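S.K.: could you work out the structure for the sequence below:
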Amino acid sequence: MMSSLTINAQDVYKKNVKLMAVDFQFAVVANSKKEGEHFLQIAIDEVKRVEALISSWDSSSQTSLINKNSGVKAIKIDSELFNLIKRSKHISKLTDGFFDISFASIDKIWYFHKPIVTIPDSISIKKSIGYINYKNIILDEKTQTVFLKNEGMKIGFGAIGKGYVAEKVKEKLNSIGVTAGLINASGDISCWGDHPITKTWKVAIINPDKTKNDLASFDLYNSSVVTSGNYENYITINNKRYSHIINPKTGWPSQGIKSVTVFSKNAELADALSTTVFVMGKDKGLNLINQLKNIECLIVDDNNNMHYSKSLKTKFN
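M.R.: Reported below is the predicted structural model:
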């Protein structure tokens, strides 16, 4: 959430728009309304450009082409996508596979874009997780190709894509001289530069129980914060909620946590880590975060208890 804004020599111009099937909020600092609207349109265009590259739903995207050729042949791709996949594999290694972009093969078992009335059977789930293994995403630096080793494998960027887009929009706007702004990709927030009035940018952590006030509001400056939760994209079967965040080790939706908020300089990394902690669970997740420099984490469990990483707990106290 952004702070209230008033007119200044420079002002903050905002726009809310639906992109990538989620809500985006853009805020840019500019000298005039015309300049602000120009910057905002560039931001929107950049989201659309990146989506066309990384979307696994767009049959014409390079990501879809990789998936269509799993077990068949390597696909030459743009360096931007190649490097995103390379970083994703690095995070998979760091997290012992609890983060894995090849989880996408399970989308035929669990899906959240249309009604599902019965719980998938364990045999189907076990078969699907057999396709999940980041080590079988073969990258060739010289040819700039990617090959999914086994037929039936799929990659998807649902656990890192919004954070990546936020960073790319920030990078694009920086490159054309936008001195400050904030990107909120449905909970994946990245900001840079001075707010013309308050210097820092006011943001809030949403309470998983939306009937209650935000968990906290705070100032963000040249940094990022990402929240992953089970309260927006889920299905309910027999009065039990199943989150869209799937554990790649088991093939089942993660349980025990309502939301994970990760603070980092980079929204892409924060996005990946928030999903990872959600899947790992409270204890393993906090242990991972406590080993990483300049990364902080807040977890809300199913009993509405809050758990902090070491550095964040000190700040809250």
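
S.K.: show me the shaky parts of this protein.
M.R.: Judged against pLDDT under 70, the low-scoring parts of the chain cover residues 1-9, 108-117, 210-211, 231-237, 313-317.

S.K.: could you redo the last one with a cut-off of 50?
M.R.: In the predicted model, the chain carries pLDDT under 50 at residues 1-8.

S.K.: quick one, helices of it?
M.R.: Counting by DSSP state H, one finds helices in the chain at the ranges 33-54, 62-68, 79-94, 122-129, 161-175, 267-280, 282-290, 310-316.

S.K.: the first one vs helix 161-175, what angle?
M.R.: Between the axis of helix 33-54 and that of helix 161-175 there is an angle of 140 degrees, by axes from the mean of the first three to the mean of the last three C-alpha atoms, to 10 degrees.

S.K.: quick check, distance from helix 33-54 to the centre of its chain.
M.R.: On the basis of C-alpha atoms, centre = their mean, to the nearest Å, the separation between the geometric centre of helix 33-54 and that of its chain is 18 Å.

S.K.: may I see the buried residues of that helix?
M.R.: Residues of helix 33-54 classed as buried by neighbour count (16 or more other C-beta atoms under 10 Å): 35-36, 38-40, 42-44, 46-47, 50-51, 53-54. Where you see a C-beta, it was placed from the backbone N, CA and C, and this is true even at glycine.

S.K.: counting by contacts, list what it packs against.
M.R.: Identification of packing neighbours for helix 33-54 by 3 or more C-beta pairs under 8 Å, 6 or more residues apart in numbering; DSSP states H and E yields strand 11-19, strand 22-30, helix 62-68, helix 79-94, helix 161-175, strand 181-185.

S.K.: if we go to 6 Å?
M.R.: Using 3 or more C-beta pairs under 6 Å, 6 or more residues apart in numbering; DSSP states H and E, the elements in contact with helix 33-54 are strand 11-19, strand 22-30, helix 161-175.

S.K.: out of the ones you listed, which is the most enclosed?
M.R.: Ranked by mean neighbour count, these are led by helix 161-175 with a mean of 22 (mean count of other C-beta atoms under 10 Å).

S.K.: dump the residue contacts of Ser122.
M.R.: Under the criterion of C-beta atoms under 6 Å, 6 or more residues apart in numbering, Ser122 has no contact partners.

S.K.: pretty sure Ser70 contacts Met153?
M.R.: Yes - with contacts counted by C-beta atoms under 6 Å, Ser70 reaches Met153, the gap being 4.3 Å.

S.K.: need the overlap of contacts for these two.
M.R.: Between them, Ser70 and Met153 share no contacting residue, judged by C-beta under 6 Å, 6+ apart.

S.K.: for the residue lying closest to Asp214 once chain neighbours are set aside, give its distance to Asn184.
M.R.: Excluding the flanking residues, the one nearest Asp214 by C-beta to C-beta, 6 or more residues apart in numbering is Ala204, at 4.1 Å. Spatial separation of Ala204 from Asn184 under the definition C-beta to C-beta, to the nearest Å is 11 Å.

S.K.: want to throw the buried residues of helix 33-54 into TSV with distance to Pro208?
M.R.: Shown next, in TSV, are those (distance: C-beta to C-beta, whole Å):
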residue	distance to Pro208
Glu35	38
Gly36	34
His38	37
Phe39	33
Leu40	30
Ile42	34
Ala43	28
Ile44	29
Glu46	30
Val47	26
Val50	28
Glu51	27
Leu53	32
Ile54	27
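
S.K.: neighbour-wise, which of Ala204 and Asn184 wins?
M.R.: Set side by side, Ala204 and Asn184 show unequal neighbour counts under other C-beta atoms under 10 Å, the larger going to Asn184 at 23 against 16.
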